[in-house]
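>>> make a model of this:
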Amino acid sequence: MPPTITLPSFSSVIFAARRPPQKGKLKNAKLPEATPKLTNTIGFDASKKEPLWRCVEGCGACCKLAKGPAFATPEEIFTNPSDIELYKSLIGPDGWCIHYEKSTRKCSIYPDRPYFCRVEPDIFESLYGITKKKFNKVACGSCRDTIKEIYGSHSKELDNFNRSLRSSD
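The predicted structure is shown next:
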């Protein structure tokens, strides 16, 4: 997989709740019988599986290391100064990783890439505090956000990524 460094995006879940009738108003009002009780399930179909994260070959969005102000800086991600230095040393003059081969859209050092270029549960936990339980959801969201920022929300790269996730169900 090509190198990756982005701060995962986090989605917030808002639970709607029925408001009780106000005192003095609608004293004898009844809520409709069809109103279901709320539960702690997320989404409309609690039995639906979360997609498993997977890298899509030929994307490379994560290899654009200088992404701009919408993304975390190396100083915000890493606590070890040598990691910051290594990350910065990988940024080419055009903002892409110096090991990303644009003609093939592949990483030239893939087997030997730095640990922070690996999208793995343990790495996400150590860098971002993302638990293994939430890894797939956060990794998928992070990749989508990065692909949208680099290639656009109507790009073939985003279509390929989403298709890949749907085929893993």
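>>> looking only at pLDDT, what's the mean for stretch 135-147?
Here stretch 135-147 scores 94 as its mean pLDDT.
>>> how far does that stretch sit from the chain's center?
Averaged C-alpha coordinates place stretch 135-147 at 2 Å from its chain's average position (Cα atoms, centre = their mean, to the nearest Å).
>>> ok, now stretch 95-103?
Offset of stretch 95-103 from its chain centre (Cα atoms, centre = their mean): 21 Å.
>>> okay, how far is it across that stretch, tip to tip?
One end of stretch 95-103 sits 16 Å from the other (Cα to Cα, to the nearest Å).
>>> can you give me the buried ones in that stretch?
Neighbour counts over stretch 95-103 (16 or more other Cβ atoms under 10 Å) mark W96, C97, H99, Y100 as buried. (Glycine included, C-beta is placed from N, CA and C.)
>>> correct me, but the third one touches S108?
Yes: taking Cβ atoms under 8 Å as the definition, H99 is a contact partner of S108 at 4.7 Å.
>>> give the next helix or strand downstream of the longest helix along the chain.
The residue-count maximum for a helix in the chain (DSSP state H) belongs to helix 135-151. Counting by DSSP states H and E, the next helix or strand C-terminal to helix 135-151 is helix 156-167.
>>> that next one - contacts with which helices or strands?
Helix 156-167 sits against helix 135-151, with contacts defined as 3 or more Cβ pairs under 8 Å, 6 or more residues apart in numbering; DSSP states H and E.
>>> how about the contacts made by D122?
D122 makes contact with K132, according to Cβ atoms under 8 Å, 6 or more residues apart in numbering.
>>> which stretches in this structure count as helices?
Using DSSP H, helices in the chain cover 74-77, 81-89, 121-128, 135-151, 156-167.
>>> just the buried positions in the third one, please.
Judged by neighbour count (16+ other Cβ under 10 Å), helix 121-128 contains these buried residues: P121, I123, F124, L127, Y128.
>>> you'd agree the second one is up against G129?
No: I123 is not in contact with G129 according to Cβ under 8 Å; the separation is 11.6 Å.
>>> give me the most central residue, the chain.
Central residue of the chain (Cα atoms, centre = their mean): S142, 1.8 Å from the mean position.
>>> roughly how far does that one sit from S108?
According to Cβ to Cβ, to the nearest Å, S142 stands 23 Å off from S108.
>>> with G68 instead?
G68 is 24 Å from S108, by Cβ to Cβ.
>>> between those two, which is the more surrounded one?
Set G68 next to S108 and count neighbours by other Cβ atoms under 10 Å: S108 wins out with 13 against 9.
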